[in-house]
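**Q** can't give you the sequence, but here's the structure:
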């Protein structure tokens, strides 16, 4: 009997020893916490520290689970709410209340996550981690690296690298596979553009119905081809779908203005007078009340609390200030920032300190001006909205994403492909609906990723990418 | 680049160079550049932080650097140097510091707050500098010792 008892004792001690051995071999430590009443763990090697967060800085235009950024002893990190990310119920935090969280050290950066409650650090043997079962409800299985039992509680171990990688995947996807239709539309644009310059071909098909006028039409198409080339050489003006309609109707007028046969643009003087009617109203001057009201009416009713506006090609700044006042009146509760830039140093450097004589200021702008000893100038409230920059549009710029770009008559003077890239860039960088105001004689078409939402007299387009 | 920033740099470069070199300085046409550009041979770089982030680069050929150093040293009653040694490097670094310092003071008076980092000097052949997504303003300054290019690349924070 004694031997049997001994044997049993021996066996149990050896089993215990094995169990103890297993327990001793702690090779995985994790920080445990709770989300919506359930227990979770994260590998301690991924955790930089346990923190209590207070006062996030809200970042506009981010997904709802991004709480904002946080200043961690001088280092700025983004904070993600795991409960929000996994659609778990949680109470909205009272303002200023401290929240529990973890700072994760991931391959690429530091990131903070907000959780309900931090529990403790537990050590386990990695062999005891069970693979996740596909029917786990609350959190998508691909973010779970396993499940482990400890002290009678079941912990779900989260794979934080994958949770973060998901975000990167999305943004990369956005880059590699641009929104549907963009690729195809730019293709169409390319084809149509090639077509647009080949007036001759187009004219041929048009004229096939009336063979008698063949030679006249041929002449017109040839002339238009020459005009297209001259405008590019003499004025830097790119004929494209953006302005093709105008060029064609202008050519008809031009024929009436000019002596018969002398339709080509031989000199700079010719090209300048050909393009003279192209400019939008009030180019290089303050806008009239009527024009300002038309713009205000054409603008979308709401552009968000933080409104970033870009005014490239601002010249001497008359347009920029008029625009700033219109925006201020239209969106009184928004924080508005207008980035105005021009590559003409002389014009743009005078812009911040424009002085007007009382006679040249339209009445509707008077209330936004103050009187100085040299004349009238815009009040600090308006000036502070605008930042003038010496900038060449062909160079890169570090502007924040902009909702609204005011570029009358500018894109016609830039290479077509560059305009397309720029519009696509504006679209990619600003997540919500972005808008562009074109010149009066320009036309926003899908080939440029634009869709006109108003037509007359201001060409406001939605960027559709 | 914000237009308010341009003049302080141009004025500071002009006045400091005129003062320390005691010679006529001619300012060349300002221009913008975005792609990478070659460094002439000796470049002093000063970082900027505060309302903006960026850097100022003072770029000149080895020959110009030697002449400028000697002009500065002799004007202070010190001996001229024969090779571009530590003394030379310290002198060019100091010149960069003086110009940037004065520009930042001017900007401060206009209500912009900038901080400087200690200057660093880079010498060598066939070098290039590139700034991702920042446009650089080039202020060329000509004097009898050669051409000094002041390359300012800053962006708003």
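**A** Nice, I can see it. Since we're looking at a predicted model, the values are computed, not measured.
**Q** Go through chain B and flag its longest helix.
**A** helix B:86-109 (DSSP state H).
**Q** right, is that helix up against chain A?
**A** No. Judged by Cβ under 8 Å from any Cβ of the partner chain, helix B:86-109 makes no contact with chain A; its nearest approach is 14.2 Å. To be clear about C-beta, it is placed using only N, CA and C from the backbone, and glycine gets the same treatment.
**Q** So which elements touch that helix?
**A** For helix B:86-109, the contact count by 3 or more Cβ pairs under 8 Å, 6 or more residues apart in numbering or on different chains; DSSP states H and E identifies helix B:3-21, strand B:42-50, strand B:52-60, helix B:62-75, strand B:114-116, strand B:120-123 as packing neighbours.
**Q** Make CSV out of those and add mean pLDDT, mean neighbour count and distance to residue A:48.
**A** Conversion of these to CSV gives the following (pLDDT from 0 to 100; neighbours: other Cβ atoms under 10 Å in any protein chain shown; distance: least, Cβ to Cβ, whole Å):
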stretch, mean pLDDT, mean neighbour count, distance to residue A:48
helix B:3-21, 91, 19, 37
strand B:42-50, 91, 20, 25
strand B:52-60, 90, 22, 25
helix B:62-75, 92, 19, 45
strand B:114-116, 89, 16, 28
strand B:120-123, 92, 15, 31
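**Q** Can you list the neighbours in contact with the longest helix of chain B?
**A** B:4-5, B:7-9, B:11-13, B:15-17, B:20, B:42, B:44-46, B:48, B:56, B:58, B:60, B:65-66, B:68-69, B:72-73, B:81, B:114-116, B:119-121, B:123, B:150 (Cβ atoms under 8 Å, 6 or more residues apart in numbering or on different chains).
**Q** let's see it at 7 Å
**A** B:5, B:8-9, B:11-13, B:16, B:20, B:42, B:44, B:46, B:56, B:58, B:65-66, B:68-69, B:72-73, B:81, B:114, B:116, B:119, B:121 (Cβ atoms under 7 Å, 6 or more residues apart in numbering or on different chains).
**Q** Not counting sequence-adjacent ones, nearest residue to residue 122?
**A** Going with chain A. If you skip the residues right next to it in sequence, residue A:122 has residue A:150 as its closest partner in space, 5.3 Å away by Cβ to Cβ, 6 or more residues apart in numbering or on different chains.
**Q** please go with chain B instead
**A** Using Cβ to Cβ, 6+ apart and skipping residues adjacent in sequence, the residue nearest residue B:122 is residue B:43, 4.7 Å away.
**Q** likewise residue A:266?
**A** With Cβ to Cβ, 6+ apart as the measure, residue A:230 is the residue that lies nearest to residue A:266, at 7.7 Å, once sequence neighbours are left out.
**Q** close enough to count as contact, the residue nearest to residue B:122 and residue B:125?
**A** No. The pair formed by residue B:43 and residue B:125 falls short of the contact definition of Cβ atoms under 7 Å, at 11.9 Å.
**Q** so what's the nearest residue to residue A:56 once chain neighbours are set aside up against?
**A** For residue A:56, ignoring the flanking residues on the chain, the nearest one in space by Cβ to Cβ, 6+ apart is residue A:68 at 3.7 Å. With Cβ under 7 Å, 6+ apart as the criterion, the residues that contact residue A:68 are A:56, A:57, A:58, A:59, A:79.
**Q** quick one: which of the residues you listed sit in strands?
**A** When the contacts of residue A:68 are checked against strands (DSSP state E), the matches are residue A:79.
**Q** Which residues are in contact with the residue in chain B that chain A sits nearest to?
**A** Chain B approaches chain A most closely through residue B:34 (3.2 Å), counting by Cβ to the nearest Cβ. Residue B:34 makes contacts with A:395, A:396, B:135, as judged by Cβ under 7 Å, 6+ apart.
**Q** Confirm that the first one sits in a helix.
**A** No. The assignment for residue A:395, made by DSSP: H, G, I helix; E, B strand; the rest coil, is coil rather than a helix.
**Q** I'd say residue B:72 and residue B:20 touch.
**A** Yes. Between residue B:72 and residue B:20 there is a contact under Cβ under 7 Å: 5.4 Å.
**Q** Tell me how far residue A:410 lies from chain B.
**A** In this structure, residue A:410 and chain B are 17 Å apart, going by Cβ to the nearest Cβ, to the nearest Å.
**Q** for that residue, what are its contacts?
**A** Contacts of residue A:410 were listed using Cβ under 7 Å, 6+ apart, and they are A:312, A:313.
**Q** pLDDT score assigned to it?
**A** You'll see residue A:410 listed with a pLDDT of 90.
**Q** Got the phi and psi for it?
**A** Residue A:410 adopts backbone torsions of phi -90, psi -40, taken as degrees, to the nearest 10.
**Q** And it, how far from residue A:86?
**A** Applying Cβ to Cβ, to the nearest Å, one obtains 46 Å for the distance of residue A:410 from residue A:86.
**Q** now the residue of chain B closest to chain A, nearest residue through space, not along the chain?
**A** Nearest in space to residue B:34, with sequence neighbours left out and distances taken as Cβ to Cβ, 6+ apart, is residue A:395 at 3.2 Å.
**Q** what's around that neighbour, how many residues?
**A** Using other Cβ atoms under 10 Å in any protein chain shown, residue A:395 has 15 other residues around it.
**Q** same check, this time on residue B:38
**A** Here the count is done by other Cβ under 10 Å, and residue B:38 has 11 residues near it.
**Q** Next, the contact list for it, please.
**A** With contacts taken as Cβ under 7 Å, 6+ apart, residue B:38 has the following neighbours: B:127, B:128.
**Q** Recalculate using a threshold of 10 Å.
**A** Under the criterion of Cβ atoms under 10 Å, 6 or more residues apart in numbering or on different chains, the contact list for residue B:38 reads B:59, B:125, B:126, B:127, B:128, B:129.
**Q** Can you pull the residues of chain B lying near chain A?
**A** When proximity is defined as Cβ under 10 Å from any Cβ of the partner chain, chain B approaches chain A at B:1-7, B:29-35, B:53-54, B:131-137, B:154-157.
**Q** Now which of these would you call buried?
**A** By the neighbour-count criterion of 16 or more other Cβ atoms under 10 Å in any protein chain shown, those include these buried positions: B:1-6, B:30, B:32, B:34, B:53-54, B:131, B:134-137, B:154-156.
**Q** thinking again about what came up before, how far away from the center of its chain is the longest helix of chain B?
**A** Distance of helix B:86-109 from the chain centroid (Cα atoms, centre = their mean, to the nearest Å) equals 7 Å.
**Q** repeat for stretch A:90-107
**A** For stretch A:90-107, the distance from its own C-alpha centre to the chain's C-alpha centre is 27 Å (Cα atoms, centre = their mean).
**Q** tell me the contacts of the residue most central in space within chain B?
**A** With distances taken as Cα atoms, centre = their mean, residue B:58 lies nearest the centre of chain B, 3.0 Å away. When contacts are counted by Cβ under 10 Å, 6+ apart, residue B:58 touches B:13, B:42-46, B:65, B:68, B:92-93, B:95-97, B:99-100, B:119, B:121, B:139, B:141, B:148-151.
**Q** Now do the same contact list for residue A:403.
**A** Neighbour list for residue A:403: A:61, A:300, A:303-304, A:306-310, A:334, A:426, A:430-435, A:463 [criterion: Cβ under 10 Å, 6+ apart].
**Q** On the three-state scheme, residue A:87 is what?
**A** Using three-state DSSP as the criterion, the local structure at residue A:87 reads coil.
**Q** now it: how far from chain B?
**A** When residue A:87 is compared with chain B (using Cβ to the nearest Cβ), they lie 35 Å apart.
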